[in-house]
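Peer 1: show me the folded form of this:
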Amino acid sequence: MESFARAIRDLTDTLSWFVRAREVRVLHVRTSDELRATALRFIAAQELHPENRSPWVILEDPSTTDSDGWLARVERLRAQHAFRRDRMAEEREHLPELPERPTAAESLATFGAQLAQLLDARADWHEGLVVVLAPTRVERPRAVCDALRALLDARPLGAVRWVLLDPEPAALEPVAAHVGEQAMRTVFLVDEAEAQRDLANMLDAAERAPTDISGPARIGAAWPPGVSPPPRLGWPSADPETIDALLREEGLDLPLAGARGTELGRAVLRGAQALRRGHAAQAVQHQTRACTICIESGLLREATIMQLVLGAYLVAAGDAGRAMQTYASASTQAERAGIPDLGAQAQLALGALHLRAGEQPEAAVAYARGAALARKAGSAILTIEAMRLAGQAQLDLGHEEEAVRVWAAALEVAEAALAGTAVAGAEPGAPERALATVNGPSAAEVKASSAAEVARSLAAIMKKRGLKEKATALEERSRDLE
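Peer 2: Residues are numbered from 1 along each chain as shown. Have a look, this model is predicted:
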């Protein structure tokens, strides 16, 4: 699709120029949240550019009101140097080891000293250093810009060059302005209207294409009408109907391998495209067809996923009542089919709609049901999230003690998951029944959950009750869970 290809070409051309133009101190790349990861991959790949002579380091640590992130970046710099040193040693190339970690009164000074160490600990053919600063979050942009300007003005760091990856709204552009003509700027964005036209043209071409032509033309690729490529490696091209017939002859049950799979793909893409264009009613029609195809094909997991998407489209179309019915049906279907993780997701969506309608009791029931299904699925993270929402719903209803019990149970799930053990439920009917057995994800995954928020909510209640020691312990635990 040309809309994406053009944006990629512009970015790679600018990066290639930055590699060669060593007098440029700062490259500012403005992008979107959706394209941030893609942009970062293209940027990081420039270390392999044939004309590059500098080590590149990638720093994604956030800058928040609680932490400026500079000390975390110091550790990141040291870890990446150690990794590069090991890999170079495998190729019998020498890269000096870093001295002991520098210390300074301020975190930014420590970071600057670490950069100076990296400039000194270089291979014979290295020239300077490229720092790719791509913070996942910038809550105090002025402080970050001031810090970067100070680093750019520091004489010992004159050989350090910077790539600033800045999702919208751009927060770091003042840094590029600070160095004037020694800065480059580029934008890695895709024109939404052009992208939708590209997708529409591809889908139209795919639907007009005869079924007996080659695969590329069947999916909308440019291909001369009536022309099929020669067989590859002795395998002839087959249209979807032929594929279905061959599968039936062999007794294989692959319902989406042939015509139905093609139809499903088009329905899903048409629905997504309609929603992006603001045509929610059309999106519902296409997604309903996708659900029907999966159900008729006996693919219950896929059908449930399609129903979850359909529910979101119905909300966008303003039909909350039908969305609730869709989520309830998806949950029931998932439970019967033995896929409780999807059932839990359906219950969370159902609870959100009940809250939106001011139906707190029904929301509490949906969230509790979601926690129970998450438990059956063995998902600690999903269980914690469902129980957090269930506890909040109970608190909103004035049931503070119930909220405390549910949140305490959620923290037990987090602790058990981190320890790699199981947690059993209490007496029948108690909120703790949503615990049962949860299989241990990694510590990083548990910390990505809302467990820390649960601990803070519990701490607030303990503080209100005058239980200061418990409140302090919970606040400390919340920091450990972040």
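
Peer 1: centre of the chain versus stretch 133-146, how much separation?
Peer 2: 20 Å (C-alpha atoms, centre = their mean, to the nearest Å).

Peer 1: where in the stretch 201-350 of the chain is pLDDT low?
Peer 2: 201-259 (pLDDT under 70).

Peer 1: what's whichever strand or helix holds A7 packed up against?
Peer 2: If you go by DSSP states H and E, A7 is part of helix 2-20. Judged by 3 or more C-beta pairs under 8 Å, 6 or more residues apart in numbering; DSSP states H and E, the packing partners of helix 2-20 are strand 26-31, helix 36-44, strand 183-188, helix 192-208. All C-beta atoms are positioned from the backbone trio N, CA, C, and that covers glycine.

Peer 1: which stretch among these approaches A330 most closely?
Peer 2: helix 192-208 (26.4 Å; C-beta to C-beta).

Peer 1: about what we covered before: list the buried residues for the helix holding A7?
Peer 2: Neighbour counts over helix 2-20 (16 or more other C-beta atoms under 10 Å) mark 3, 7, 11-12, 14-15, 18-19 as buried.

Peer 1: hang on, the earlier thing: which one of the helices and strands packed on helix 2-20 lies closest to L474?
Peer 2: helix 36-44 (34.0 Å).

Peer 1: now that closest one against strand 26-31, angle please.
Peer 2: Angle, helix 36-44 to strand 26-31, by axes from the mean of the first three to the mean of the last three C-alpha atoms, to 10 degrees: 150 degrees.

Peer 1: looking only at pLDDT, what's the mean for helix 36-44?
Peer 2: Summarised as a single mean, pLDDT over helix 36-44 is 93.

Peer 1: then stretch 383-403?
Peer 2: Per-residue scores along stretch 383-403 average to 93.

Peer 1: pull the residues that contact that stretch.
Peer 2: Contact with stretch 383-403 is made by 344, 347-348, 351, 355, 360-361, 363-364, 367-368, 370-371, 374-375, 404, 406-407, 409-410, 413-414, 431, 434-435, 438, 446, 449-451, 453-454, 457, 461, as judged by C-beta atoms under 8 Å, 6 or more residues apart in numbering.

Peer 1: again, only this time at 7 Å
Peer 2: Contacts with stretch 383-403, where a contact means C-beta atoms under 7 Å, 6 or more residues apart in numbering, come from 344, 348, 351, 360-361, 363-364, 367-368, 370-371, 374-375, 406-407, 409-410, 413-414, 431, 434, 438, 449-451, 453-454, 461.

Peer 1: buried ones in that stretch?
Peer 2: Buried residues in stretch 383-403, counted by 16+ other C-beta under 10 Å: 383-395, 402-403.

Peer 1: in helices only, show me the residues you listed.
Peer 2: Judged by DSSP state H, these include 383-395, 402-403 as members of helices.

Peer 1: run through who's touching stretch 352-364.
Peer 2: Contact with stretch 352-364 is made by 320, 323-324, 351, 366, 390, 393-394, 396-397, as judged by C-beta under 7 Å, 6+ apart.
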